[in-house]
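Trainee: mind looking at a prediction? Sequence and model below.
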Amino acid sequence: MQSQHAAQRPPHSSSSDGPVVDVEQAEAALAEHYPRLVRLAYLLLPPGTGRSRRVLTAHALAQRALPRGRTAAPVIPAQTVQSAEAPQAAPSPGRDGDPGYALVRLQVVRTALRAGGPLRRALLSPPLPRVWGLRLHPRSGGADELALDQRLSALSGPARAAYVLRGLERLADEDVRKVLTDAGVADAAAALCEADEVPAEYRLLDSPEFDPCSLQARPTDLLRRRRHLKAALTAGCALVVCGALLGLPGDGWGPDGAAAPPYARNPAAQAALDPAKLTRVSPAAWKTSARTDFSVWPARGDLTGDTDLLRRALAVWARPGERVQASATPGTPSGGPAGPPQLLYAGTVDSARVVILHDGLRIARYAEPKGGARGAVLDLARVDGADRAGASAVVLSRVDGNVRYLTAPWVREARRRDLREPDTGATDLTLADGVTSPLASPALRAGSCTSWNVLELTDGTGTRLMTDLAELVPARLTAGRPGAAGKTSGAKALRAAWAPFACSLASVRSAGVRSVNTWAFAEQPLPDGGAGPADWVCTRAETWRGGGTRVLAQFHTPGGPFGTVVAKAEDVPQCGAREPRVLAGVLWKSPAGTWYLLAAGSRGTTSVTAKGGVEGTAQGNLLTVEAERGAQADLVGTLKDGGSLTGLG
């Protein structure tokens, strides 16, 4: 349950509402405060790694904190949702008000905390900086510093970070909680409580004992170094011999393009990589087949006879080299095909040669520049169990923010429609051998959400909507009660079902989403003369892999341009076909200035009760009770069958 005023703001693609920081500004902050950032990283790193490695890792984390591009800095102190009449407090973004410092400090904290998790070995062995033949460690302090280091080593990583941010950065607890949350700590409050167990001897954090920029040097184990040198020379000679043998004429690597060297050969694997054995389906097979999915797509494109291109695509799929930009949707196996896959497309698209393959479980997209295989791209997406709607289109290319689709052979018409402005109508797209003309994609757009383009496809069974979520296969959009959801088309239907909630699709980008359904589960009158009833909408994103489903409860007041996400959950049955029920609540400020707890349950809810910071019970599926601003409450609903329903999230 979240606080929300009647006036809504447009969602942003950025995860922070802080000031935008250029790379140059972040670099200036990093250079100016480098000693403090390295000290911060040194104090946060797990102490059981050895002082020399801890020093080098601290320097590596500080140097790698520089962002790759323009980035939104965290806002400190954290901002809560305010009403339109109450402006937000001015942010204090970092050390001495420098948002660049706040940004690099957050990155240092985030990566230092990860050093205690599954990536510990990689983070504690950074490629740079490196020191050979010497052990480096800070100057020794006194007994007090040693005792403090031992106490900090007994804390968890988040608690150690809370203590250091309090003492070294002089942050208040609320600011510490915000930094830890932004750094990925699940329970920042517990970390603060654990940090209270260590005496507040913050002056010791400025001691030379914890200064990785003022170092002493000692030699490493000289005898062991000599043995390692001999072993390295032997291994180098063996590598040169093996490389010469692999590079002999008659079986070189050239025909495979950007693929890695073949480490093993067997008849089944070789058959899967033979372009002559690719499965090619007749163009008319889909008209008589009992199945309407990717298995009945014909091979299309102007390069279906380019054996060299197909061989490179198959080889890269099986063994993507280091220079290949490879990606896979969550839950998609990354290995090569088990047998000869099916060819769906091979042709020239914009400035690239593109090959689309299907092995029954996955769609693979291989693309290379026209000038050669250098810079090849491999994308994989899981599509097992695809039906007629799920196999309607595949992303063929993305160039300059535009996307082209390869559509199913049964698709007759393709149009572009703005889901935010459905009344503007749909724009026809050309279809040339199943390939659409380009349309602007919302998948990777930055900034405010002012539009959301979707693909409208028409075939013999009707019209359906698909949206690009930065993946290989677009997701289908539906509306209605779970288990009975249907196609949504037409300006009037889209205006009610999707227009206020389209921008919430940004929250499920790159999650392996198969379909997204929106369901208006309740209407609620607004107290104190609120203009008309508010809509309660549940949005559920289903995935190809089954797990990872995401559910959002949204609240939309009359006339508001956007719905507001008031609750969210992952891997829950609510709002789905198995359990088409949901309960959610929101704090809302009326035009008269009074705060209310509004709650609504889906059909079949006979009563709603609020407990905790707000107390109240109402018969039926709606609850309206006065509340204090910022109050927290637990919601419980009673169902007709005697069961109970808890609030989402």
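Mentor: Sure thing, it's come through. The structure presented is a predicted model; accordingly, all values stated were derived computationally and were not measured.
Trainee: report the helix or strand with the lowest average pLDDT across this protein.
Mentor: The helix or strand of the chain with the poorest confidence is strand 2-5; it has a mean of 44 (mean pLDDT, DSSP states H and E).
Trainee: run me through the strand neighbours of the next helix or strand after that strand, direction for each.
Mentor: Per DSSP states H and E, strand 2-5 leads on to strand 20-21 as the next helix or strand towards the C-terminus. Strand 20-21 has the following strand partners under DSSP bridges: strand 71-72 (antiparallel).
Trainee: packing partners of the helix or strand that the partner strand is followed by?
Mentor: Next in sequence after strand 71-72, counting helices and strands by DSSP H and E, comes helix 99-114. Contacts defined by 3 or more CB pairs under 8 Å, 6 or more residues apart in numbering; DSSP states H and E place helix 99-114 against strand 20-21, helix 23-32, helix 34-44, helix 51-63, helix 120-123, helix 157-167, helix 173-182. Quick note: C-beta positions are derived from backbone N, CA and C, even for glycine.
Trainee: between helix 99-114 and helix 51-63, how big is the angle?
Mentor: Put simply, helix 99-114 runs at 140 degrees to helix 51-63, going by axes from the mean of the first three to the mean of the last three CA atoms, to 10 degrees.
Trainee: in helix 99-114, what's buried?
Mentor: Of all the residues in helix 99-114, those buried under the rule 16 or more other CB atoms under 10 Å are 99-114.
Trainee: quick one: that helix to chain centroid distance?
Mentor: Computed by CA atoms, centre = their mean, to the nearest Å, the chain-centroid distance of helix 99-114 equals 19 Å.
Trainee: what mean pLDDT does that helix have?
Mentor: Across helix 99-114, pLDDT averages out at 90.
Trainee: report pLDDT for residue 197.
Mentor: Residue 197 is given a pLDDT of 92.
Trainee: just the element for it, please.
Mentor: According to DSSP H and E, residue 197 maps onto no helix or strand at all.
Trainee: ok, it - how many residues close by?
Mentor: Using other CB atoms under 10 Å, residue 197 has 11 other residues around it.
Trainee: just residue 442 next, same as before
Mentor: Neighbours around residue 442, by other CB under 10 Å: 26.
Trainee: neighbours of residue 537, just the number please.
Mentor: 25.
Trainee: ok, now the one 5 residues further on?
Mentor: Number of residues near residue 542 (other CB under 10 Å) recorded here: 21.
Trainee: for residue 170, same thing?
Mentor: Counted with other CB under 10 Å, residues neighbouring residue 170 total 10.
Trainee: does it belong to a helix, a strand or coil?
Mentor: coil (DSSP: H, G, I helix; E, B strand; the rest coil).
Trainee: what ranges does this protein have for its helices?
Mentor: For the chain, the helices defined by DSSP state H occupy 23-32, 34-44, 51-63, 99-114, 120-123, 143-153, 157-167, 173-182, 188-195, 222-246, 267-272, 285-288, 307-318, 491-497.
Trainee: just put those helices in JSON lines and tack on distance to residue 402.
Mentor: Converted to JSON lines, those look like this (distance: least, CB to CB, whole Å):
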{"stretch": "helix 23-32", "distance to residue 402": "26"}
{"stretch": "helix 34-44", "distance to residue 402": "40"}
{"stretch": "helix 51-63", "distance to residue 402": "37"}
{"stretch": "helix 99-114", "distance to residue 402": "31"}
{"stretch": "helix 120-123", "distance to residue 402": "36"}
{"stretch": "helix 143-153", "distance to residue 402": "52"}
{"stretch": "helix 157-167", "distance to residue 402": "43"}
{"stretch": "helix 173-182", "distance to residue 402": "33"}
{"stretch": "helix 188-195", "distance to residue 402": "41"}
{"stretch": "helix 222-246", "distance to residue 402": "42"}
{"stretch": "helix 267-272", "distance to residue 402": "33"}
{"stretch": "helix 285-288", "distance to residue 402": "28"}
{"stretch": "helix 307-318", "distance to residue 402": "23"}
{"stretch": "helix 491-497", "distance to residue 402": "22"}
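Trainee: given the lengthiest strand in the chain, what are its sheet partners and their directions?
Mentor: Using DSSP state E, we find that the single longest strand of the chain is strand 513-524. Using DSSP bridges, strand 513-524 pairs in its sheet with strand 475-479 (parallel), strand 534-543 (antiparallel).
Trainee: for residue 329, find the nearest of those.
Mentor: Proximity to residue 329, assessed across those by CB to CB, is greatest for strand 534-543 (8.6 Å).
Trainee: next one: that closest one to chain centre, how far?
Mentor: That offset, for strand 534-543, works out to 19 Å (CA atoms, centre = their mean).
Trainee: quick one: average confidence on it?
Mentor: Regarding strand 534-543, the rounded mean pLDDT is 96.
Trainee: quick one: end-to-end distance for stretch 352-367.
Mentor: 6 Å (CA to CA, to the nearest Å).
Trainee: contacting residues around residue 113?
Mentor: Counting by CB atoms under 8 Å, 6 or more residues apart in numbering, residue 113 makes contact with 44, 157, 158, 161, 183, 184, 185.
Trainee: what's the most distant pair in the residues you listed?
Mentor: Using CB to CB, the contacts of residue 113 reach their maximum pairwise distance at 44 and 184, which is 13.2 Å.
Trainee: for those two, work out which one has more neighbours and name it.
Mentor: Set residue 44 next to residue 184 and count neighbours by other CB under 10 Å: residue 44 wins out with 26 against 12.
Trainee: next, find the distance separating the nearest residue in space to the more buried one that is not next to it in sequence from residue 61.
Mentor: Excluding its sequence neighbours, the residue lying closest to residue 44 (CB to CB, 6 or more residues apart in numbering) is residue 112, at 3.7 Å. Per CB to CB, to the nearest Å, residue 112 is found 6 Å from residue 61.
Trainee: what is in contact with these two at once?
Mentor: 41, 45.
Trainee: bridging residues for residue 537?
Mentor: Legend: beta-bridge partners of residue 537 under DSSP bridges are residue 520, residue 554.
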